[in-house]
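> take a look and give me a structure for this.
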Amino acid sequence: MKIVIADDEKLVRFSLRNMIEELSLPLKIAAEATTGAELKQALAEERPDIAIVDIKMPGMSGLDAMADVIKSHSDLEWVVLTGYSEFTYARTALSLGAADYLMKPASPEELQRVLSGLIEDRNRLYRARSSEYESRLGAILSGTAERSNRHVGALVVVDSCRDEDTVKQLRREIADTVRSRLLQFAGRARRAVVTSGSQADFAAALAWPIDDREGEAVATHTLQVAGRIAVAKSSTQTLVTVVTTPVAESLDEWLTRYAQAQESARGRPVSGAGCVEEAHRLGELVESMPPAVRRLSRVCLELARSFSERDSLSYLQRVEELQQLLQSGSEALAPLDFAPVIRFLRAAVGYPDAATDKTTRLAADRRIEIAKLRSRVEDEPPDAGDDRSQALAGRIAEYVERNYMADLSVASLASHFGVTPNYLSTLFGRARGETFLRFVTRIRMERASQLLLDRRLQIQQVARLVGYSNPRHFSRVFRAHFGHTPVEHQSRNRSRAERPNS
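Predicted structure coming up:
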């Protein structure tokens, strides 16, 4: 298998190359790139199986290059390189389709784990493709292949803010209901299938022989009825959307149509979720939307995904992105009917619907209240044992330990890490078992106690060095923390230092 390495730092590329060569894995380093443009060229020329890409590179970043070519390199496995300060970009890369990420500097053990897993996945995929080809070819040669069937189907998407187990059960019930209706179409030469897709959707498909003169009419009607039954399962907290495909002359053609339906369905937050739509009509509608409207739809979908995964940090970052979009794109969004967007957010993230009066609701449907969206995770922050919470709390603690002399207000730290002050305070307290302000004070006091031993430093200087502009306030905090004043601390420790050894 071939691998490409993209990083603008020569030392990083050299280190990765050496480690990969020493791992004894079936990998050949086909090319190296220092910019996003070079990466695109290497991918086009080498067609590698795996690409290790630095998120930040001059010119076109690794993330931009990935977004630009991921559709044309759908078989490529992406691994992104990131540092602690760039971790939010790694999340974006994963949402684009990256298989994994490596924290800088990558260790041989971690590189071994990631690459071995990818190689195993690739081998499994290649074996499955060979097996599929063997089955198809065998059917054709034996004369048992269904080469004259027509196909029609639909994508069924469920958006819901309910808990994971409830949503899984609901999807199973909807899938069983759709399957039950479609099986009424099945017969000796007709086929009906309902199969799982991603965590949020599933596919329904019907097939019939080309010489079945009633097949298309019956299949289309059956699919429409099943779609309406599925959509009827929608509620305030759940929206079921069905996107139907046109009739296809082959299975491969239908799979292409289905992929187009999936792409079209990404416009459902603004086009109106919770209904039966034809894929080509919905696709044309999405294509005609201004960029700001398409971006609004994308952000709403990412909000829903973050909420369903209980990824509070990503959720709050998407809320901030939404707020910026509403401010910067106000002119482009002015003609938009926000009622479908509000309806989607109510179902997908539990956006509070405080309006009961019809007039009030119509007015509320013209805007999205950011504070209400934030409250969905701020009121219920992650548990202390959540890995993402622990990781963020650890990064905050490391930042405080390095910058204890700077402005460390909750507001400034929240802005730095892309969350709200209330969320930061609650998350840190639950994850660390200590309030944020108490942690900051403890770090500063520990450092102050060391600095006070330096006879060259006055108390006022020590106060400033640990982040206090007011020496009196510093003295009060020091006394509350240690039980004695800075002057007494100096005196005690100097007395010990001057005491002769017995």
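
> name the residues of the longest helix along the chain that are buried.
Across the chain, the longest stretch assigned as helix under DSSP state H is helix 108-142. Under the neighbour-count criterion of 16 or more other Cβ atoms under 10 Å, helix 108-142 has 111-112, 114-115, 118-119, 122 buried. Just so you know, the C-beta spots here come from the backbone N, C-alpha and C atoms, and that holds for glycine as well.

> equivalent analysis for stretch 180-196, please.
Those would be 181-182, 185, 190-192, 194, for stretch 180-196 by 16+ other Cβ under 10 Å.

> residue ranges with poor pLDDT in the stretch 51-200 of the chain?
59-62, 70-71, 84-97, 132-133, 135-148, 197-200 (pLDDT under 70).

> likewise the chain?
59-62, 70-71, 84-97, 132-133, 135-148, 197-200, 353-366, 378-389, 494-502.

> what about the strands in it?
All strands of the chain, identified by DSSP state E, fall at 2-6, 28-33, 50-54, 77-82, 100-103, 149-160, 191-196, 201-209, 238-244, 276-278.

> and the fourth one with strand 2-6, angle?
Between strand 77-82 and strand 2-6, the angle comes out at 30 degrees (axes from the mean of the first three to the mean of the last three Cα atoms, to 10 degrees).

> just the closest of the buried residues of stretch 180-196 to Ser449, please.
Val194 (67.5 Å; Cβ to Cβ).

> tally of neighbours for the residue nearest to the closest one when sequence neighbours are not counted?
Distances taken as Cβ to Cβ, 6 or more residues apart in numbering place Arg179 nearest to Val194, at 4.1 Å, with adjacent residues excluded. Residues near Arg179, counting by other Cβ atoms under 10 Å, number 16.

> give the contact list for Arg179.
Going by Cβ atoms under 8 Å, 6 or more residues apart in numbering, Arg179 touches 192, 194, 204.

> ok, Val462 next?
448, 451-452, 474, 486.

> quick one: which of the residues you listed sit in helices?
448, 451, 474, 486.

> out of these, which end up buried?
For the ones in helices among the contacts of Val462, buried by 16+ other Cβ under 10 Å: 448, 474, 486.

> for Leu336, state which of these is nearest.
Phe474 (53.3 Å).

> the closest one against Pro486, yeah?
Yes: Phe474 is within contact range of Pro486, at 7.4 Å (criterion: Cβ atoms under 8 Å).

> shared neighbours, these two?
With Cβ under 8 Å, 6+ apart as the test, Phe474 and Pro486 both reach 448, 459, 462.

> quick check: closest non-adjacent residue to the first one.
Right, Ala448. Ala448 sits nearest to Val466 (Cβ to Cβ, 6+ apart), 4.7 Å away.

> how about the second one?
Taking Cβ to Cβ, 6+ apart, and ignoring the residues beside it in sequence, Ile459 has Pro486 as its nearest neighbour in space, at 4.9 Å.

> do the last one as well
Once its chain neighbours are removed from consideration, Val462 has its nearest residue in Leu451; the separation is 4.6 Å (Cβ to Cβ, 6+ apart).

> now do the contacts for the one you found.
457, 462, 465-466.

> and Ala44, how close does it get to Thr35?
Distance of Ala44 to Thr35, computed by Cβ to Cβ, to the nearest Å: 14 Å.

> likewise for Leu322?
Distance from Leu322 to Thr35, by Cβ to Cβ: 32 Å.

> over to Pro48?
For Pro48 relative to Thr35 (Cβ to Cβ), the value is 17 Å.

> compare those two (neighbour count), which wins?
When neighbours are counted by other Cβ under 10 Å, Pro48 and Thr35 differ, and Pro48 comes out ahead with 23 against 18.

> circling back to that earlier point, okay if I get the strands of the chain as JSON lines plus distance to Ile443?
Formatted as JSON lines, the strands of the chain follow (distance: least, Cβ to Cβ, whole Å):
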{"stretch": "strand 2-6", "distance to Ile443": "38"}
{"stretch": "strand 28-33", "distance to Ile443": "41"}
{"stretch": "strand 50-54", "distance to Ile443": "32"}
{"stretch": "strand 77-82", "distance to Ile443": "26"}
{"stretch": "strand 100-103", "distance to Ile443": "24"}
{"stretch": "strand 149-160", "distance to Ile443": "43"}
{"stretch": "strand 191-196", "distance to Ile443": "49"}
{"stretch": "strand 201-209", "distance to Ile443": "48"}
{"stretch": "strand 238-244", "distance to Ile443": "46"}
{"stretch": "strand 276-278", "distance to Ile443": "56"}
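
> and Ser314, how many neighbours?
23.

> so it sits right up against Ser306, yeah?
Yes: between Ser314 and Ser306 there is a contact at 4.2 Å, judged by Cβ under 8 Å.

> show me what contacts the residue lying closest to Leu336 once chain neighbours are set aside?
In this structure, Leu336 finds its nearest non-sequential neighbour in Val293, 6.0 Å apart by Cβ to Cβ, 6+ apart. Contact analysis of Val293 by Cβ under 8 Å, 6+ apart lists 270, 332-333, 336.

> repeat the analysis, applying 7 Å as the threshold.
270, 333, 336 (Cβ atoms under 7 Å, 6 or more residues apart in numbering).

> residue boundaries of the helices in the stretch 351-500 of the chain?
For the stretch 351-500 of the chain, applying DSSP state H, counting those that start in this stretch gives helices covering 358-364, 370-378, 387-402, 410-417, 421-432, 436-451, 459-465, 471-482, 486-498.

> pull up the distance across stretch 431-441, start to finish.
18 Å (Cα to Cα, to the nearest Å).

> re earlier: nearest to Arg430 among the shared contacts of Phe474 and Pro486?
Ala448 (27.6 Å).

> ok, now how distant is that closest one from Arg432?
Taking Cβ to Cβ, one finds Ala448 at 21 Å from Arg432.
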